[in-house]
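Trainee: Fold the following, please.
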Amino acid sequence: MAKFFIDRPIFAWVIALFIIVLGAVAIKQLPIAQYPPVAPPAIVINATYPGASAQVLEDSVISVIEQEMNGSPGLAYMESVAQANGSGSITISFEPGTNADLAQVDVQNRLSRASPRLPAAVTQQGVRVDKSRSNFLLFTILYSDDPATTPTMLGDYASRNVLPEIQRIPGVGQAQLFGSEQAMRIWIDPQKLVSFSMSSAEVVAAIRAQNAQVSSGSIGELPNVAGQGIAATVVVNGQLATPEQFQNIVLRANPDGSTVRLRDVARVELGAQTYATIARLNGKPSTGIGVQLAPSGNALATAEAVRKRMAELAPYFPAGTKWEIPYDSSRFIQISIGKVVETLLEAVALVFIVMFLFLQNWRYTIIPTLVVPIALLGTFGVLLALGFSINVLTMFGMVLVIGIVVDDAIVVVENVERIMS
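Mentor: Next comes the predicted model:
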């Protein structure tokens, strides 16, 4: 093999250049992370049953879904959590090597078979199926200097205008809102309800019946009478939008002509959809968005893209609203990778100095020094082909292998000198 390349030096240089180009292209496409993913793939199912206890949620929702998940290809084990506020989750872990995308599709298909047996309130809230991601890449916070701006207003604005923009950024796997959207809150007074001999079920039924978007039809559509040339679509007031409209909902009409309206038994206000999350930044009310990295995403590029997108959206924020990123794990990743790269360069320099001191020959020193970067660039191409990422462990492995590469290069150089002589 040595004689083959001695007789064909141009061919050897072509192979070396090909490896260099391959490695340079691979570096641009490899995902960057602090540590490699070692945990088996997992899929998380989140369900909400408003007003239900943990036991009711376990019996009517969690157990039904778990029965359908049994037998999923590659399933290792399941674990579920039911909370007292009516929210629960099922984490389905699969065997290492299982394709997470195919596993998510299979879980979604099995969940569709269990949906008809779930309570109507659960299906109305929606059951989410997501890939398990334990770590957040960064948190972006919206806060306002205006005392009139409430956290609910910030959360509603972030949910409608900021969250969708972040979710569309390449490399973002999931973006979670730590805040609440605005919602119409109806606080029923039990004593007033009893005084009118009514139940909460009647109130809910009246709200559903009078707060609905319906198709009201049209007037004058074909077939019509001769000579009629006008057709119109009937427009009716559908879903209600203001607290006053909700207050005027009729709960009961009495024979004497009097009515019981929603305002007679409840207090209606525009508040938060949920009060479970409160965010503050330096003592100021705020709302946050947690960004999780996609499995194949580049942490550094994704964090930079989020910062750039937030800077583009900032001029359109409401008056007094500002943004800040108090937590960004990509900084630690950049520092870790930078230190390893620094160690790698120092190792190459030390190898060059030691070889020159012991071999006392510039040729024997330069050849192994050129071999090291070519071998490392080729390694990046192999990492891309095998689906690995640039992380602390892979870079540390390259630092350790420099000694082996230099040792082999010295042996090859001595063998080439022997053959040429």
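Trainee: Might you list the low-confidence residue ranges for the chain?
Mentor: Applying pLDDT under 70 to the chain flags residues 1-3, 6, 134, 416-417, 420-421.
Trainee: Going by the annotation, which residue ranges form each domain of it?
Mentor: The record's domain parsing of the chain by automatic domain parsing lists 2-30+361-420, 40-133, 204-266.
Trainee: need the longest helix for this structure.
Mentor: The helix that spans the most residues within the chain, counting by DSSP state H, is helix 329-359.
Trainee: Quick check: phi and psi at I169.
Mentor: Backbone torsions of I169, given as degrees, to the nearest 10, read phi -70, psi 130.
Trainee: residues near it, how many?
Mentor: 18 (other Cβ atoms under 10 Å). To be clear about C-beta, it is placed using only N, CA and C from the backbone, and glycine gets the same treatment.
Trainee: how about the helices in the stretch 151-300 of the chain?
Mentor: 151-157, 163-167, 190-195, 200-210, 243-247, 262-265, 299-313 (DSSP state H, counting those that start in this stretch).
Trainee: and S80, which of these is closest to it?
Mentor: For the helices of the stretch 151-300 of the chain, distance to S80 was read as Cβ to Cβ. The smallest value, 27.0 Å, belongs to helix 163-167.
Trainee: Without its sequence neighbours, what residue ends up closest to F388?
Mentor: With sequence-adjacent residues excluded and distances taken as Cβ to Cβ, 6 or more residues apart in numbering, F388 is closest to T394, at 6.1 Å.
Trainee: What helix or strand is the one you found located in?
Mentor: helix 392-420 (DSSP states H and E).
Trainee: The residue nearest the centre of the chain and R185, how far apart?
Mentor: Nearest to the geometric centre of the chain sits Q174, at 1.0 Å (Cα atoms, centre = their mean). Going from Q174 to R185 by Cβ to Cβ, to the nearest Å gives 28 Å.
Trainee: repeat for I15
Mentor: Taken as Cβ to Cβ, the span from I15 to R185 is 70 Å.
Trainee: Please apply the same query to R160.
Mentor: In terms of Cβ to Cβ, R160 sits 19 Å off from R185.
Trainee: got the phi/psi numbers for S53?
Mentor: Torsion angles at S53 (phi, psi; degrees, to the nearest 10) stand at phi -80, psi 170.
Trainee: Tell me if I'm right that it and N85 touch.
Mentor: No: counting by Cβ atoms under 8 Å, S53 stays clear of N85, with 9.4 Å between them.
Trainee: Count the residues that sit near E324.
Mentor: Using other Cβ under 10 Å, E324 has 14 other residues around it.
Trainee: Next, it: secondary structure please.
Mentor: strand (DSSP: H, G, I helix; E, B strand; the rest coil).
Trainee: Could you pull up the residues touching it?
Mentor: For E324, the contacting residues are 140-141, 143, 281, by Cβ atoms under 8 Å, 6 or more residues apart in numbering.
Trainee: Quick check: of the residues you listed, which lies closest to L350?
Mentor: Comparing those against L350 with Cβ to Cβ places T140 closest, at 42.3 Å.
Trainee: so the closest one is in which element?
Mentor: If you go by DSSP H and E, T140 is part of strand 138-144.
Trainee: Could you tell me the angle between that strand and helix 329-359?
Mentor: With axes from the mean of the first three to the mean of the last three Cα atoms, to 10 degrees defining the directions, strand 138-144 sits at 140 degrees from helix 329-359.
Trainee: what's strand 138-144 in contact with?
Mentor: The contact list for strand 138-144 (Cβ under 8 Å, 6+ apart) reads 154, 157-158, 162, 166, 178, 279, 281-282, 284-291, 303, 306, 310, 317-318, 320-330.
Trainee: What remains of those if I keep only buried residues?
Mentor: The neighbour-count criterion (16 or more other Cβ atoms under 10 Å) marks 154, 157-158, 162, 166, 178, 279, 281, 285-291, 303, 306, 310, 317, 321, 323, 325, 328-330 among these as buried.
Trainee: Reduced to three states, what does I45 come out as?
Mentor: Three-state assignment for I45 (three-state DSSP): strand.
Trainee: ok, how many other residues are close to it?
Mentor: When neighbours are counted by other Cβ under 10 Å, I45 comes out with 25.
Trainee: show me the contacts for it.
Mentor: Under the criterion of Cβ under 8 Å, 6+ apart, the contact list for I45 reads 65, 89-90, 92, 107, 111, 127-129.
Trainee: which among the contacts of E324 end up buried?
Mentor: The neighbour count (16+ other Cβ under 10 Å) marks 140-141, 143, 281 as buried among the contacts of E324.
Trainee: Let me know the closest of these to I32.
Mentor: Closest to I32, out of all of the buried ones among the contacts of E324 and judged by Cβ to Cβ, is T140, at 19.9 Å.
Trainee: Show me what the closest one bridges to in the sheet.
Mentor: I289 (DSSP bridges).
Trainee: Quick check: the gap between it and G86.
Mentor: 29 Å.
Trainee: hmm, back to that, any chance of TSV for the domains of the chain, columns distance to S296?
Mentor: Below are these laid out as TSV (distance: least, Cβ to Cβ, whole Å):
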stretch	distance to S296
domain 2-30+361-420	8
domain 40-133	11
domain 204-266	40
